[in-house]
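Colleague: from the sequence below, what's the structure:
(2 chains)
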Amino acid sequence: MELLSGAEMLVRALKDEGVETVFGYPGGAVLHIYDALFQQKSISHVLVRHEQAAAHMADAFSRTSGKTGVCLATSGPGATNTVTGIATAYMDSIPMVVITGQVQSDWIGDDAFQETDIVGCTRPIVKHSFMVKKTEDIPATIKKAFYIASTGRPGPVLVDIPKDLTNPAVTYEYNYPSKVKLRSYNVVSKGHSGQIKKAVDLLMAAKRPIFYTGGGVIQGNSAAELTELVRKMGFPCTNTLMGLGGFPGDDPLFLGMLGMHGTYEANMAMHHADVVMAIGARFDDRVTNHTSKFCPNAKIIHVDVDPASIAKNIPVDIPIVGPVDQVLKEMLEQLEKTDEKPDQQALEAWWKQIDAWRAYHGLRYETKPDILKPQGVIEELYRVTNGEAIITSDVGQHQMFAAQYYKFKYPRQWINSGGLGTMGFGLPAAMGCLVARPDATVACVTGEGSIQMNIQELSTCLQYNFPVKIINLNNQSLGMVRQWQDMQYQGRHSSSTYEESLPDFIKLAEAYGHVGMRVTKPEELEGAMKEAFALKDRLVFMDISVDPSEHVYPMQIKDGSMRDMWLSKTERT
Amino acid sequence: MRRIISILMENEPGALSRVVGLFSQRGYNIETLTVAPTNDPTLSRLTLTTSGSDRTIEQITKQLNKLIEVVKLVDLSEGAHIERELMLVKLKATGAQRAEIKRTADIFRGQIVDVTSSVYTVQLAGASDKLDAFLESVGDASILEVVRSGVSGIARGDKVLAL
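Modeller: Alright, predicted model coming up:
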């Protein structure tokens, strides 16, 4: 019989869950836990500079590896600093376990020093949360937390542990449960075969079909099945921002991203489709534009593991509730057994139409001789990294340019905050990716606005040697805000510029012990980028001056249908 | 349309706040709410009335089902059911009013459960509209205080909401 303290039980339970790294920041209420971490070797700890970064790192670790990321913070401000990170993971359905210290049990409710009701604060942004009441409940609670976080539609789970429960002086027998049984939580393990059959029949009869796939394909590890299915049918495929990499970006069947900043051909094809097969996507407002005008002639099939996602925003003709990989596998099996083929003649006409759209207005931008275009920087990044890098991004114009111009080949290659749109996500995310895949090339595409929201993590990068390549598309303004102000507020740039107050990012990078590179001219870019990526063991901060007047296009016109878009500053559909 | 949703959930601290929180987070409204443990002390039964389009109600039930502590739920208004609400009303009862209130309470099968020289307290159980009708009958002028339990309900026939 092994006797362990609460803190030791927690650490042991994490080990038993297969956790190798915890991202966190110490403080009063978690000191017993940190002491237990100190006295063992199986789990390493990454000390961040702000708890928000710990949450983003755990989140990105999870996005990259498919395993559940873990972050640890103290009570009060430590815990509240994780809130944005938790909300980010929640919106993108990322499995994550957040452990927070709480003031000792008998002080709870007394407004004790560093006391916050973090379970209450985070209730709307977690899949579930626990406040542990008894030390001996710690192992079972951790087991449940990991199980809930990683199954069904994944999400963050918070475990709040009062300090007295981790007291090293009090020990209990340690038993880690091998199984979890929750009578109130049952995960759907299989899609309905009859519904799958109906979907196959509808796809076979389709004249203008399209696959519209989202983050569920990535999280559900079903990119291979999706790729096989799309190629077998010969249908066009478009991905949401969260779904990029679910289908190879360089495949001729791929139409690019859809939605607000989707490609012309993807949005046109969606609008004119007669059958839309949505897989692990949630008909988000950034995709559908006005819901009443969405895909007016389409029958819709929707595969999702979360029944609440189905028919939430858009009515669905054939709902299929189940894990995406299982449903797609069964669909492929049913296709094997049938002699039916998709309507080739109709498909040919459909592709002819799509190719005409592509030819009319595929992704493009105007170049200028004396200044870099942000799109061009992403294209260069794609070339220099052979399209093989893991790309994280922050939020804004640079995020959209990266999504449009970096043709992601693999799932888990594109790491961004899609649902919540969290500026400050990119750098800690890149660090989390490197913990999951230390040998990968990881670039953080960011802007001078976003990067300053978690720039303190440059210090963490030095401590743990995270050789992130920061691609700072510096347009000296909050580009996306400025774009909206140009388009909707007659160019009144209210609080979207910083005049002369931007830091010298090169000196800043150097001050943190890293390499800084400034690129201001188009002809310097290729050489500098090659040099940066050749410095494999170093963090390189590339501060790249780009055209401040650039806008992201296409851009859907508010309250229109999917086909209503601005294609440039002067052209609209 | 008004709906009665009855939920069987884990009798744990925090479960109620998750249910109530869901309604405010997602912009749904709760008209009445009643909750108490069942014969199985590990389970609570929560009944609430809400209103909304069919689509909203479908979302409400789906989102409630997603809560980890919700074990089972039923929309009682989808089938035949019995609905009851308990009301205690304190009424001014002086002079001729005393007899009148007694008569009205009898008509509604209410009971006078407390009496002073100037006040009657009436206890009344039934569907919500019956309680509304009683209040209308006695009139605002005599009402001193109203307390209602919120709706409880159970399906008719063999259907049960249990583990």
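
Colleague: any idea which residue of the stretch 151-300 of chain A lies closest to chain B?
Modeller: Per CB to the nearest CB, A:Ser184 is where the stretch 151-300 of chain A lies closest to chain B, at 4.2 Å. For every residue, glycine as well, the C-beta is placed using N, CA and C.

Colleague: tell me the contacts of that residue?
Modeller: B:Met9, B:Glu10, B:Ile68, B:Glu69, B:Val70, B:Val71 (CB atoms under 8 Å, 6 or more residues apart in numbering or on different chains).

Colleague: redo that, cut-off 6 Å
Modeller: B:Glu10, B:Glu69, B:Val70, B:Val71 (CB atoms under 6 Å, 6 or more residues apart in numbering or on different chains).

Colleague: and the residue in chain B sticking out farthest from the centre, how far from A:Val217?
Modeller: What lies farthest from the middle of chain B is B:Gly95; by CA atoms, centre = their mean that is 33.1 Å. B:Gly95 sits 77 Å away from A:Val217, going by CB to CB, to the nearest Å.

Colleague: can you check A:Ser495 too?
Modeller: 38 Å.

Colleague: between those two, who's got more neighbours?
Modeller: A:Val217 (30 against 8; other CB atoms under 10 Å in any protein chain shown).

Colleague: what are the phi and psi values for that one?
Modeller: Reported as degrees, to the nearest 10, the phi and psi values for A:Val217 are phi -70, psi -40.

Colleague: pLDDT score for it?
Modeller: The confidence metric pLDDT takes the value 98 at A:Val217.

Colleague: isn't it right up against A:Gly280?
Modeller: Yes - if you go by CB atoms under 6 Å, A:Val217 and A:Gly280 touch, sitting 4.6 Å apart.

Colleague: all helices for chain B, in order.
Modeller: Taking DSSP state H, the helices of chain B run over residues B:15-25, B:54-66, B:96-107, B:128-138.

Colleague: out of these, which gets nearest to B:Tyr120?
Modeller: Judged by CB to CB, the one of the helices of chain B that comes nearest to B:Tyr120 is helix B:96-107, at 5.5 Å.

Colleague: gap between that closest one and the chain center?
Modeller: 25 Å (CA atoms, centre = their mean, to the nearest Å).

Colleague: just stretch B:105-112 next, same as before
Modeller: Distance, centroid of stretch B:105-112 to centroid of chain: 19 Å (CA atoms, centre = their mean).

Colleague: cool, stretch A:31-45 as well?
Modeller: 29 Å.

Colleague: could you work out the end-to-end span of it for me?
Modeller: 14 Å (CA to CA, to the nearest Å).

Colleague: which parts of it count as buried, going by neighbours?
Modeller: A:Leu31, A:His32, A:Ile33, A:Tyr34, A:Asp35, A:Ala36, A:Leu37, A:Ile43, A:His45 (16 or more other CB atoms under 10 Å in any protein chain shown).

Colleague: how about the last one, what does it touch?
Modeller: Shown in contact with A:His45 (CB under 6 Å, 6+ apart): A:Val22, A:Leu37.

Colleague: let me know the secondary structure of it.
Modeller: Using DSSP: H, G, I helix; E, B strand; the rest coil, the structure places A:His45 in strand.

Colleague: do the same with the fourth one
Modeller: At A:Tyr34 the chain is in helix, as set by three-state DSSP.

Colleague: what separation do you get for it and A:Thr74?
Modeller: 9 Å.

Colleague: what comes up buried for the top strand by length along chain B?
Modeller: Secondary structure assigned by DSSP state E gives strand B:81-92 as the longest strand of chain B. By 16+ other CB under 10 Å, the buried positions in strand B:81-92 come out as B:His81, B:Glu83, B:Arg84, B:Glu85, B:Leu86, B:Met87, B:Leu88, B:Val89, B:Lys90, B:Leu91, B:Lys92.

Colleague: contacting residues around the residue nearest in space to the middle of chain A?
Modeller: Of all residues in chain A, the one closest to the mean position by CA atoms, centre = their mean is A:Asn416, 4.0 Å from it. By CB under 6 Å, 6+ apart, the residues touching A:Asn416 are A:Ser393, A:Gln399.

Colleague: what's it sitting at in phi/psi?
Modeller: When read as degrees, to the nearest 10, the backbone of A:Asn416 gives phi -150, psi 160.

Colleague: how near is it to A:Val97?
Modeller: Counting by CB to CB, the gap from A:Asn416 to A:Val97 is 22 Å.

Colleague: which ones are touching the residue of chain A most remote from its centre?
Modeller: The C-alpha centroid of chain A is most remote from A:Met1, which lies 42.9 Å away (CA atoms, centre = their mean). For A:Met1, the contacting residues are A:Glu173, by CB under 6 Å, 6+ apart.

Colleague: just A:Gly220 next, same as before
Modeller: A:Gly280, A:Pro323, A:Val324, A:Asp325 are the contacts of A:Gly220 under CB under 6 Å, 6+ apart.

Colleague: the last one contacts A:Ala224, correct?
Modeller: It refers to A:Asp325. No - in this structure, A:Asp325 is not within contact of A:Ala224 by CB under 6 Å, at 8.6 Å.

Colleague: more neighbours: which of these two?
Modeller: Neighbour count, other CB under 10 Å: between A:Asp325 and A:Ala224, A:Asp325 has more, with 19 against 14.

Colleague: residues contacting that one?
Modeller: Taking CB under 6 Å, 6+ apart, one finds A:Gly220, A:Asn221, A:Ser222, A:Glu225 in contact with A:Asp325.

Colleague: please tell me the pLDDT value assigned to the first one.
Modeller: Read it as A:Gly220. Model confidence at A:Gly220 (pLDDT) stands at 96.

Colleague: ditto for the last one
Modeller: A:Glu225 is assigned a pLDDT of 98 by the prediction.

Colleague: that one belongs to a strand?
Modeller: No - A:Glu225: not assigned to a strand; according to three-state DSSP it is helix.

Colleague: are we agreed that the residue of the stretch 151-300 of chain A closest to chain B is in a helix?
Modeller: No - A:Ser184: not assigned to a helix; according to three-state DSSP it is coil.

Colleague: tell me, how many residues neighbour the closest residue to it other than its chain neighbours?
Modeller: In this structure, A:Ser184 finds its nearest non-sequential neighbour in B:Val71, 4.2 Å apart by CB to CB, 6 or more residues apart in numbering or on different chains. By other CB under 10 Å, the residues close to B:Val71 number 23.

Colleague: show me what contacts B:Val71?
Modeller: A:Arg183, A:Ser184, B:Leu8, B:Met9.

Colleague: now do 10 Å
Modeller: B:Val71 makes contact with A:182-186, B:7-10, B:15, B:42-44, B:65, B:161-163, according to CB atoms under 10 Å, 6 or more residues apart in numbering or on different chains.

Colleague: picking up where we left off before, next one: the longest strand of chain B to chain centre, how far?
Modeller: 9 Å.

Colleague: average pLDDT across stretch A:75-88?
Modeller: On average, stretch A:75-88 scores 98.

Colleague: endpoints of it, how far apart?
Modeller: First residue to last in stretch A:75-88 (CA to CA) measures 20 Å.

Colleague: the spatially closest residue to B:Arg18 that is not a sequence neighbour: neighbouring residues, count only.
Modeller: Closest residue in space to B:Arg18, ignoring its immediate chain neighbours: B:Leu67 at 5.2 Å, by CB to CB, 6+ apart. Residues contacting B:Leu67 under the criterion other CB under 10 Å number 21.
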